[in-house]
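Peer 1: model this:
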Amino acid sequence: MSTILSSFHALLLVVVSARQDDRSSPPSLRGPQNGGVLCPLSPGAQQFGYIQPRFSYRYFYGIIEANKSPETSPTFLYIGGGLGGSSIGTAGTVNGPCTMNPNGAVQLLNRYSWTEDANSIWVDAPGPTGFSEGPMEPDLVAVVENLVHFVDGLFKDHGKLNRDLHLIGTSASASVVAMLGSSIVKKPQLKINLKGVMMRHGLVGPMSIYHGCLTMAKEHKLLPAGESERRRHFSTVHQAFYQAGTNGPRFES
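Peer 2: Numbers count the residues shown, from 1 in each chain. This next block holds a predicted model:
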C-alpha cells in the first residue's frame, strides 16, 4: 500500500506543478486533449487548476470528461470523505478512469470508472484538504458557502459542464453535499443545473450514531452491565465532542 501511495503522490505532484505556473489568475481549460497526466490511458480530456471561492481559500480541482459523448453526458461533482479526504486521491485510485496495480508501478484502466458515461469534477475541500489552500473553515456553513462560490465560479469558466449536475459526498462529506444542494436550490439566480445529490455511506450525525450503538448493545445484551451504564455519561461526552469541534467543522446530531 505504501508503494502505491508513494507512486500516486508523485503523480499528483506532476499534476500540481503543471498547473501552478500562474497562481494569480483564475484557472481555465488550457489546451484540452484526450487523456492527461492523471490517467494517460483514458480517452476523456483532463484538466486541473485552482479556483478562489472567497478570501484566502484556493480550492484545487480536477476535471475528467466522459469517455463517451462528453458534450451530452451528465456531470457529477465529487467531494471526498473525512472531512479532509482528497477527492483527487479517490479519482486516481478508486472510481476514476485509472487505478494502480498492486505494487503501484503501473496504471491500469478502471473498468468500473464513473467517468465512462459522465463528466466529472473532483474538488479538494474543505480549506487545506489535499492540494487546496487556506485555513480550516470554522464550521460546515462556511465550507458550504465556499463550495457555492466554487461551483458558481467553475461553471462561469466551464459552462459546458453545467448539465444534469449530481453532487456526491462520501462519509462526512455527505452532510456537505446535502447542504450544498440545498443552498444551490435556494439560489436560482446562479442557474446551476442541479439534478440530484448522492450520499455514499453518509455520516450525518455522529452523536446520534454513537447513541444508537449503545442503545442497540444494551437491548441485545452485547455489553457487560458496567459498560452499558456508561450511557449515563453520554451527555457529558456529547458536550465535549461539540466543544472539540469549535476549531473546525462541527456536526449537529
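Peer 1: for stretch 63-80, the distance to its chain's centre please.
Peer 2: With Cα atoms, centre = their mean, to the nearest Å as the basis, stretch 63-80 stands 15 Å off its chain's centre.
Peer 1: now the helices for this protein?
Peer 2: 2-19, 87-93, 140-157, 173-185, 206-219, 225-228, 234-244 (DSSP state H).
Peer 1: weakest of these by average pLDDT?
Peer 2: Note on the helices of the chain: helix 2-19 shows the lowest mean pLDDT, a mean of 42.
Peer 1: Per the annotation, how does this protein divide into domains?
Peer 2: Split into domains by automatic domain parsing, the chain comes to 2-200, 207-247.
Peer 1: Could you say which of those is packed most deeply?
Peer 2: Highest mean neighbour count of the domains of the chain: domain 2-200, a mean of 18 (counted as mean count of other Cβ atoms under 10 Å). Any C-beta I mention is one placed from the backbone N, CA and C, and that applies to glycine too.
Peer 1: residue contacts, residue 121?
Peer 2: 61, 62, 63, 75, 76, 77, 78, 154, 161 (Cβ atoms under 8 Å, 6 or more residues apart in numbering).
Peer 1: how about a markdown table for the residues you listed, with distance to residue 39 added?
Peer 2: A markdown table is the format used below for those (distance: Cβ to Cβ, whole Å):
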| residue | distance to residue 39 |
| --- | --- |
| 61 | 16 |
| 62 | 10 |
| 63 | 12 |
| 75 | 18 |
| 76 | 17 |
| 77 | 18 |
| 78 | 15 |
| 154 | 20 |
| 161 | 18 |
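Peer 1: Among those residues, which one lies nearest to residue 141?
Peer 2: Among these, residue 77 lies closest to residue 141 (Cβ to Cβ), at 18.8 Å.
Peer 1: so what's that closest one bridging to?
Peer 2: residue 121, residue 167 (DSSP bridges).
Peer 1: Quick check: it touching residue 168?
Peer 2: Yes: judged on Cβ atoms under 8 Å, residue 77 makes contact with residue 168 at a distance of 6.8 Å.
Peer 1: Residue 176: what's it in contact with?
Peer 2: Neighbouring residues of residue 176 by Cβ under 8 Å, 6+ apart: 79, 83, 125, 126, 140, 143, 144, 147, 169.
Peer 1: any chance of those in JSON lines, plus distance to residue 41?
Peer 2: Putting those into JSON lines (distance: Cβ to Cβ, whole Å) gives the following:
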{"residue": "79", "distance to residue 41": "25"}
{"residue": "83", "distance to residue 41": "31"}
{"residue": "125", "distance to residue 41": "27"}
{"residue": "126", "distance to residue 41": "31"}
{"residue": "140", "distance to residue 41": "37"}
{"residue": "143", "distance to residue 41": "34"}
{"residue": "144", "distance to residue 41": "35"}
{"residue": "147", "distance to residue 41": "30"}
{"residue": "169", "distance to residue 41": "27"}
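Peer 1: List just the nearest of these to residue 196.
Peer 2: residue 169 (12.1 Å).
Peer 1: Surely the closest one and residue 181 touch.
Peer 2: No: between residue 169 and residue 181 there is no contact, the gap being 9.5 Å when judged by Cβ under 8 Å.
Peer 1: Quickly list what's touching both of those two.
Peer 2: Counting by Cβ under 8 Å, 6+ apart, the residues touching both residue 169 and residue 181 are residue 197.
Peer 1: which stretches of the stretch 1-150 of the chain form strands?
Peer 2: Assigned by DSSP state E, counting those that start in this stretch, the stretch 1-150 of the chain shows strands spanning 46-51, 59-64, 75-79, 98-100, 107-109, 119-123.
Peer 1: what packs against the second one?
Peer 2: When contacts are defined as 3 or more Cβ pairs under 8 Å, 6 or more residues apart in numbering; DSSP states H and E, strand 59-64 packs onto strand 46-51, helix 87-93, strand 119-123, helix 140-157.
Peer 1: now for those, which one comes closest to residue 224?
Peer 2: Using Cβ to Cβ, the helices and strands packed on strand 59-64 put helix 140-157 closest to residue 224, at 36.6 Å.
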